[in-house]
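J.: Provide a 3D model corresponding to the input given below.
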Amino acid sequence: MNVINGLITKDLLQLKSYRRTLIIYTLIFVLTGIAQETTKGVSVMVAVMLTLGFGMFGMATFNYDEQAKTDRYLLTFPLTKKEILLSKYILVILSTVIGAIVRNNSKLYNSIFYR
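T.: This is a model prediction of the structure:
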């Protein structure tokens, strides 16, 4: 499991360059959801875009690894392809869950201020 944690940490460090984009992306969709003031709180479109958007940031690590040929480098270590792929899937699932949490927090904000 330490190997998978290390791989996930590597992917998160790769995503550091996306930090500013991620913050802007989140703010735009949270503010859009608050401004729309629908009867159900944040609109469905904003909720889906936040959740899937965070998942897409996790999937960007696949592209990073392909461009940098990291997969070849990782296979020189005592890792299996299964462990590498499992760490990628865990990262995508975690980032999607984080997107859902951000979405739910914006729903909470909307319900507090727009009763």
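J.: Can you check which helix is longest in the protein?
T.: Longest helix in the chain, counting residues (DSSP state H): helix 81-113.
J.: Just after the lowest-mean-pLDDT helix or strand in the chain, pick out the following helix or strand.
T.: Every helix and strand in the chain was compared by mean pLDDT, DSSP states H and E; the lowest is helix 19-36, with a mean of 76. For helix 19-36, the succeeding helix or strand toward the C-terminus, using DSSP states H and E, is helix 44-68.
J.: List the buried residues in that next one.
T.: 46-47, 49-51, 53-55, 57-58, 60-61, 65 (16 or more other CB atoms under 10 Å). No exception for glycine: its C-beta is placed from N, CA and C like everyone else's.
J.: Which other helices and strands does that helix contact?
T.: Helix 44-68 sits against helix 2-14, helix 19-36, helix 70-74, helix 81-113, with contacts defined as 3 or more CB pairs under 8 Å, 6 or more residues apart in numbering; DSSP states H and E.
J.: list the helices and strands the last one packs on?
T.: Which is helix 81-113. Using 3+ CB pairs under 8 Å, 6+ apart, helix 81-113 sits against helix 2-14, helix 19-36, helix 44-68.
J.: Reformat the helices and strands packed on helix 44-68 as a markdown table; add mean neighbour count.
T.: A markdown table is the format used below for these (neighbours: other CB atoms under 10 Å):
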| stretch | mean neighbour count |
| --- | --- |
| helix 2-14 | 15 |
| helix 19-36 | 15 |
| helix 70-74 | 13 |
| helix 81-113 | 16 |
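J.: about what we covered before: show me how far the longest helix of the chain is from its chain's centre.
T.: What separates the centre of helix 81-113 from the centre of its chain is 6 Å, taken as CA atoms, centre = their mean, to the nearest Å.
J.: relative to helix 2-14, how tilted is it?
T.: 60 degrees (axes from the mean of the first three to the mean of the last three CA atoms, to 10 degrees).
J.: about what we covered before: closest to L79 out of the helices and strands packed on helix 81-113?
T.: Smallest distance to L79 across these (CB to CB): 6.1 Å, for helix 2-14.
J.: Report the mean per-residue pLDDT for the closest one.
T.: Average pLDDT, helix 2-14: 89.
J.: before we move on, what about stretch 45-62?
T.: On average, stretch 45-62 scores 80.
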